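> Okay, here's the prediction I keep looking at, along with the sequence it came from:
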Amino acid sequence: MVGQLFSNPRVMLLAAAVLGLLGMVPGMPNLVFLLFTAALLGLAWWLRGREEKAPEEPQPVKMPENNSVVEATWNDVQLEDSLGMEVGYRLIPMVDFQQDGELLGRIRSIRKKFAQDMGFLPPVVHIRDNMDLQPARYRILMKGVEIGSGDAYPGRWLAINPGTAAGTLPGEKTVDPAFGLDAIWIESALKEQAQIQGFTVVEASTVVATHLNHLIGQFSAELFGRQEAQQLLDRVSQEMPKLTEDLVPGVVTLTTLHKVLQTYWRKKSRFAICEPFLKRWRNMRRYKAIRMN
């Protein structure tokens, strides 16, 4: 505040005028007042001259180089999971073993059963929470693309009408996410009544697991990638090393094997990768090669 006053020439002139008047009053220390008046007039004249000078050209400021920014690498590229699931915050207990969540165990059973039925192990399901989803919402994704979604309510039961249930139940009407059947989310107290009326009653984690199992079967061919083909070949070579060495890459490439097996699963064919199958396919490819020569 004081600095602003002493840097203003108008304030200095006003103060000099006041002191000059006081210096003319009889009986006052006139010399002292007149000396201060002269000093203030000189200061006001100097400040006025400084203001009239043109401002100097500002010198460009050299910005220091920022060496703290890390160069981008391929590690910054986020790869999408082959198979993933996102859940709202109300479904987190279903995927947390510390909170007695059962969904992870059910997913492991699904992958094991699928491997036994279809002949290859599907990718691991990567589960993460997504705060942008509705609290009871879940999404199932394949390579980052949503292939299915639904709602699940822990602590409640889904009463599914297989088409033969009698009567109605109080609750939230919905549709079974896996098979599209009419269903109702009911409270636990109505479970026995729903079963008596002919409804199929399942708890929330079973609803999600059944939906996932249905989608894995539906997209089995897309889930069988080159990595799964290599892993399958490695598994077969443990039992039939000589045959697999003759077949890949002696007769066909891994890419060709992958495409052929993918075609089987796209047709929903259920078969086992056994010795007769590989021998027959190897001999067929050799016969075609001989005929072409």
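Great, that's in hand. Numbers count the residues shown, from 1 in each chain.
> Pull out the buried residues from stretch 179-196.
Buried residues in stretch 179-196, counted by 16 or more other CB atoms under 10 Å: 183-186, 190-191, 194. Backbone N, C-alpha and C define where each C-beta goes, glycine included.
> Turn these into JSON lines, including distance to Thr73 and secondary structure.
Below are the buried residues of stretch 179-196 laid out as JSON lines (distance: CB to CB, whole Å; DSSP: H, G, I helix; E, B strand; the rest coil):
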{"residue": "Ala183", "distance to Thr73": "48", "secondary structure": "strand"}
{"residue": "Ile184", "distance to Thr73": "52", "secondary structure": "strand"}
{"residue": "Trp185", "distance to Thr73": "47", "secondary structure": "strand"}
{"residue": "Ile186", "distance to Thr73": "52", "secondary structure": "strand"}
{"residue": "Leu190", "distance to Thr73": "56", "secondary structure": "helix"}
{"residue": "Lys191", "distance to Thr73": "54", "secondary structure": "helix"}
{"residue": "Ala194", "distance to Thr73": "56", "secondary structure": "helix"}
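> From those residues, pick the one nearest Ser220.
Relative to Ser220, the closest of these is Ala183; by CB to CB it sits at 25.6 Å.
> any weak-confidence spans in the stretch 151-293 of the chain?
Within the stretch 151-293 of the chain, the segments meeting pLDDT under 70 span 268-293.
> Could you pull out the helices in this protein for me?
2-6, 9-23, 30-52, 103-118, 191-196, 204-218, 220-223, 226-239, 241-247, 254-266, 275-292 (DSSP state H).
> name the helices or strands packed onto the shortest one?
Looking back up the chat, that one is helix 220-223. helix 254-266 (3 or more CB pairs under 8 Å, 6 or more residues apart in numbering; DSSP states H and E).
> helices and strands around the helix it packs on, which ones?
helix 220-223, helix 226-239.
> Now do the end-to-end distance for stretch 86-100.
Length of stretch 86-100, first residue to last, CA to CA, to the nearest Å: 19 Å.
> For that stretch, buried residues please.
So for stretch 86-100, counting by 16+ other CB under 10 Å, buried means 86-88, 90-95.
> Rounded mean pLDDT for it, please.
Averaging pLDDT along stretch 86-100 gives 90.
> what about that stretch, distance to the chain center?
16 Å (CA atoms, centre = their mean, to the nearest Å).
> do stretch 97-104 as well
For stretch 97-104, the distance to the chain centre is 21 Å (CA atoms, centre = their mean).
> what's next to it, contact-wise?
92-95, 127, 205, 208-209 (CB atoms under 8 Å, 6 or more residues apart in numbering).
> and those as CSV, adding distance to Thr174?
Listed next are the contacts of stretch 97-104 as CSV, based on distance: CB to CB, whole Å:
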residue, distance to Thr174
Ile92, 21
Pro93, 21
Met94, 17
Val95, 21
Ile127, 22
Ser205, 16
Val208, 13
Ala209, 17
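> Out of the residues you listed, which is nearest to Pro162?
Ala209 (18.5 Å).
> pretty sure that closest one is touching Arg106, no?
Yes - contact status for Ala209 versus Arg106: in contact at 3.9 Å, counting by CB atoms under 8 Å.
> For these two, indicate the residue with more neighbours.
Neighbours were counted for Ala209 and for Arg106 using other CB atoms under 10 Å; Ala209 has more, 22 against 17.
> quick one: contacts for that one?
103, 106-107, 110.
> do you know how far it is from Val69?
45 Å (CB to CB, to the nearest Å).
> Met240 too?
For Met240 relative to Val69 (CB to CB), the value is 54 Å.
> Of the two, which one has the most company?
Met240 (16 against 7).
> where does the stretch 1-150 of the chain have low pLDDT?
In the stretch 1-150 of the chain, residues with pLDDT under 70: 1-16, 18-36, 40, 43-47, 49-68.
> rewinding a little: mean neighbour count and distance to Gln78 added to the helices and strands packed on helix 254-266, as TSV?
What follows is these, written out as TSV (neighbours: other CB atoms under 10 Å; distance: least, CB to CB, whole Å):
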stretch	mean neighbour count	distance to Gln78
helix 220-223	18	20
helix 226-239	15	18
